[in-house]
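Peer 1: what's the 3D shape of this:
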Amino acid sequence: MEIQHFSHHHPLVFIQAHSVASKAALCLGCEKPVEGWSYGCNQCEFYLHKGCAELELAPKIQHPFHPFHPLTLLPKSPYSGGITACSFCGKNFEGFVYNCFDCEFDLHINCALLQSSIATNFPHSLHHHPLHFIQNHNEEVERDCSGCQKPLSGPIYHCFDCSYPTFFTLHKECVELPLEINHPCDRKHPLTLLPQRPAHPEKCSCYLCKIQWSGFVYSCSLCNFELSVDYIFSPPTITNASHEHPWMLISKKMSFICDFCGIVGDHSPYLCATCNLVVHKNCISLPRTIRITRHYHVICFSYSFQQNQVEDCMCRICFTEVDTSYGRYCCSASGCDYIAHAHCATNKSIWDGTIIKEGYDERHGPSNLITDVIEQISIEEIMVASKIKHSYHHHNLRLTFSGEIKDDSQCDGCMRPISNPFYSCEQCKFFLHKDCAELRKEMPHPFHKHLLTLSNSHDEYGYSVCGACRRLYQGFSYRCYKGDCCFEFDIQCMLLSDTLKHPSHKHPLFLVHNNKGTSCSACFRKLHSRDVAYRCMKRCDFSLDVGCATLPLTAWYKYDRHPLTLTFSDDSEPSQLYCDLCEEKRKPNRWFYYCADCDDSLHLNCAVGGLPYMKIGNRIKGTGHRHPLTVVKNIWNCPPCKVCGEVCNGQALECKESECNFTVHRYCEWDLQWII
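Peer 2: Residues are numbered from 1 along each chain as shown. Below you'll find the predicted structure:
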């Protein structure tokens, strides 16, 4: 059975059983993994879920979310880079889109099917744009309510004038909150509802500042006092399955330290008179067992209080001391001393909100292998797979411990030069390091809060961009398919952990998610709040972005018989700061590669190349040239770059069409559109 779909130029054939395990494939409509019934074009590796292929979609619609212009159905993003952000749910996607190109307004297909109406009489003091009432959003919106900071569910109100990163969406209940109330915590004055809490000192230790509260607050400006929306309507008694006694509200303003999180509170706490515990309301429901991507094992909440028994009881998330006289999260695995503050472990950038059920045994989780063992051999009484069938290659692979390896042979998983032991295909030029062949199908990682899935798919241009180091790469990656994340990391970055001992700095470096206002101490690139980086916690003001942290410690130069060493400082005279390959000046205080025996110095890119994780011989598209370009490694008789005129020594992009004679540097390729 075949269909002709608007999104593809070839007929799509019905596929009854499409397994992701046998071939990495995404539905080009909704961008979720294809399993079960689907339609596909195997020639182009183009696939659609059966449901996505059979949707009846009008070529143009007039939608209430965007009443000004009609929206046009497109098979993929109209923007450079191929990624679209839905103007309603905020998810990034590359599949079908209803688009208004003039306004840059876009709707994911599922969101385009929703209906809304304009809300009237919403207080202008809380938000200055009109809101749309949506009775049912079908769980498309996965962020939190802008008022109470809890996950959105049921009827919602949404502002289409506020887009990323300042989405404004409210529960129906939060829209109906009274603008002024009287509360026992401040009997002298009424509390006024504000869209956000007033500015506090930078290092304020109150609960709302510590948890970075950004929702609605009830405030008394005369008393300098605020309460979150959740606290205003606190019941007098709370029972929770994780604690055997009821919690009683102390309905008066008081200062206290929460026994569960160790943070100062200044309003009504809850008391367990039997256990003599005083806690914040939100801390009553702290999950008892969770998994965070900063640690491989599950971690458990503990409030068996004791004074610190060890000298260095450091939180492995914020890297400050954990006072064990208050609650904290500890690793459940025997012999593991992982520990974290309660508010650090449950931070939204660390934990995805999933609670692990009691009695969970992580030793008996689902199978995570993507290889089948065909043959085995015994080496020193250890059984080793000598022949395997890997999910991402169509032939069997055989294990090799030694043998002739060509200089340009690369692992098809990590793109590093091949080294022993490795698996190879006898019919293709396909190589996999043994470690890359044994990668798990799903893995957590400290860079991201969701579980990541191994993939070998790339965009329509034949490569991807690593979300951690920002390098172009081919080969395997780990991707997040949850919600609107669209995160992907190359294998090099997946090998990093949450701590780093780097020879450029004398102290250990720790992974930090929010790096706004800092710069990398190697390349001096200004870091943004979304960047992950490694930072010294001993007041050294030293940070490394992931790109610099993953630079190889040694490199090779064709005119030097010794390896060049990554070097972090240079006391040479300014007149000596030159690169021996490109003969251009080197900037002082910038890292470089150096051979002390031969006195050779090279820029980082000159030594490593502009495309270190692209496979030599692979073709890529979307470069601005009329033909696909091939990744090459030039050594002798290097042709000049068509953009800058300099010789393309090392890695470059070359057109293999006989009439073109076209070669360009990777970093000059961006300028092709201006000269062709």
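
Peer 1: quick check, residue 439 in a strand?
Peer 2: No: per DSSP: H, G, I helix; E, B strand; the rest coil, residue 439 lies outside any strand segment and is coil.

Peer 1: any chance you could read off phi and psi for the residue nearest to it when sequence neighbours are not counted?
Peer 2: Sequence neighbours aside, residue 454 is the residue nearest to residue 439 in space, at 5.7 Å (criterion: C-beta to C-beta, 6 or more residues apart in numbering). (Glycine included, C-beta is placed from N, CA and C.) In terms of degrees, to the nearest 10, the main-chain angles of residue 454 are phi -70, psi 140.

Peer 1: Wait, a helix at residue 52?
Peer 2: Yes: judged by three-state DSSP, residue 52 forms part of a helix.

Peer 1: show me what contacts the closest residue to it other than its chain neighbours?
Peer 2: Using C-beta to C-beta, 6+ apart and skipping residues adjacent in sequence, the residue nearest residue 52 is residue 29, 3.5 Å away. Counting by C-beta atoms under 8 Å, 6 or more residues apart in numbering, residue 29 touches 7, 48, 49, 52, 53, 55, 95, 96, 109.

Peer 1: Can you get me a residue count around the closest residue in space to residue 261 that isn't next to it in sequence?
Peer 2: Using C-beta to C-beta, 6+ apart and skipping residues adjacent in sequence, the residue nearest residue 261 is residue 342, 4.3 Å away. Neighbour count for residue 342, taken as other C-beta atoms under 10 Å: 23.

Peer 1: coming back round to it: state the distance from the residue nearest to residue 439 to residue 614.
Peer 2: Residue 454 is 19 Å from residue 614, where distance means C-beta to C-beta, to the nearest Å.

Peer 1: again, but for residue 129
Peer 2: Relative to residue 614, and taking C-beta to C-beta, residue 129 is found at 45 Å.

Peer 1: Kindly report the same for residue 275.
Peer 2: In terms of C-beta to C-beta, residue 275 sits 60 Å off from residue 614.

Peer 1: Compare residue 129 and residue 614 and say which one has the larger neighbour count.
Peer 2: Set side by side, residue 129 and residue 614 show more neighbours around residue 614, with 23 against 11, by other C-beta under 10 Å.

Peer 1: ok, that one touching residue 652?
Peer 2: No: using C-beta atoms under 8 Å, residue 614 makes no contact with residue 652, being 10.7 Å away.

Peer 1: okay, and the common contacts of these two?
Peer 2: residue 631.

Peer 1: follow-up on the earlier one: in helices, which of the contacts of residue 29 appear?
Peer 2: Using DSSP state H, the subset of the contacts of residue 29 located in helices is 52, 53, 109.

Peer 1: any weak-confidence spans in the chain?
Peer 2: The chain contains residues with pLDDT under 70 at 18-24, 80-81, 164-165, 305-312, 358-367, 402-408, 483-484, 670-676.

Peer 1: the helices in it, which residues?
Peer 2: 50-53, 109-112, 172-175, 207-210, 229-232, 281-284, 342-345, 434-437, 491-494, 546-549, 604-608, 672-675.

Peer 1: will you turn those helices into JSON lines that also has distance to residue 481?
Peer 2: Formatted as JSON lines, the helices of the chain follow (distance: least, C-beta to C-beta, whole Å):
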{"stretch": "helix 50-53", "distance to residue 481": "15"}
{"stretch": "helix 109-112", "distance to residue 481": "15"}
{"stretch": "helix 172-175", "distance to residue 481": "30"}
{"stretch": "helix 207-210", "distance to residue 481": "32"}
{"stretch": "helix 229-232", "distance to residue 481": "32"}
{"stretch": "helix 281-284", "distance to residue 481": "30"}
{"stretch": "helix 342-345", "distance to residue 481": "24"}
{"stretch": "helix 434-437", "distance to residue 481": "21"}
{"stretch": "helix 491-494", "distance to residue 481": "16"}
{"stretch": "helix 546-549", "distance to residue 481": "22"}
{"stretch": "helix 604-608", "distance to residue 481": "31"}
{"stretch": "helix 672-675", "distance to residue 481": "32"}
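
Peer 1: So which of those is nearest residue 665?
Peer 2: Residue 665 lies closest to helix 604-608 among the helices of the chain, at 9.6 Å (C-beta to C-beta).

Peer 1: ok, and what's touching that closest one?
Peer 2: Residues contacting helix 604-608 (C-beta under 8 Å, 6+ apart): 551-552, 555-557, 564, 579, 581-582, 590-593, 650, 667.

Peer 1: How much space separates residue 658 from residue 617?
Peer 2: Using C-beta to C-beta, residue 658 is found at 17 Å from residue 617.

Peer 1: nope, residue 481 is what I was after
Peer 2: 30 Å.

Peer 1: Quick one: buried ones out of the ones in helices among the contacts of residue 29?
Peer 2: Neighbour-count burial (16 or more other C-beta atoms under 10 Å) is assigned, among the ones in helices among the contacts of residue 29, to 52, 53, 109.

Peer 1: Settle this for me: the second one is touching residue 13, isn't it.
Peer 2: Read it as residue 53. No: in this structure, residue 53 is not within contact of residue 13 by C-beta under 8 Å, at 10.8 Å.

Peer 1: which neighbours do these two share?
Peer 2: Contacts common to residue 53 and residue 13, judged by C-beta under 8 Å, 6+ apart, are residue 39.

Peer 1: quick one: furthest residue from the center of this protein?
Peer 2: residue 188 (47.6 Å; C-alpha atoms, centre = their mean).

Peer 1: picking that back up, looking at residue 481 and residue 617, which one has more neighbours?
Peer 2: residue 481 (17 against 13).

Peer 1: so what's the residue nearest to the residue farthest from the centre of the chain when sequence neighbours are not counted up against?
Peer 2: Counting by C-beta to C-beta, 6+ apart, the nearest residue to residue 188 once its immediate chain neighbours are dropped is residue 223, at 7.3 Å. Contacts of residue 223 were listed using C-beta under 8 Å, 6+ apart, and they are 186, 188, 189.

Peer 1: With respect to residue 293, which of these is nearest?
Peer 2: Nearest member of the contacts of residue 223 to residue 293, counting by C-beta to C-beta, is residue 186, at 40.8 Å.

Peer 1: does that closest one have beta-bridge partners, and which?
Peer 2: Bridge pairing for residue 186 (DSSP bridges) gives the partners residue 183.

Peer 1: on that earlier part again, will you turn the buried ones among the ones in helices among the contacts of residue 29 into JSON lines that also has distance to residue 599?
Peer 2: Shown next, in JSON lines, are these (distance: C-beta to C-beta, whole Å):
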{"residue": "52", "distance to residue 599": "61"}
{"residue": "53", "distance to residue 599": "63"}
{"residue": "109", "distance to residue 599": "61"}
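
Peer 1: Which single one of those is nearest to residue 417?
Peer 2: The nearest one, if we look at those relative to residue 417 and count by C-beta to C-beta, is residue 52, at 40.7 Å.

Peer 1: Would you agree the closest one is in contact with residue 30?
Peer 2: Yes: look at residue 52 against residue 30 with C-beta under 8 Å: they come within range, at 5.5 Å.

Peer 1: shared neighbours, these two?
Peer 2: Contacts common to residue 52 and residue 30, judged by C-beta under 8 Å, 6+ apart, are 96, 109.
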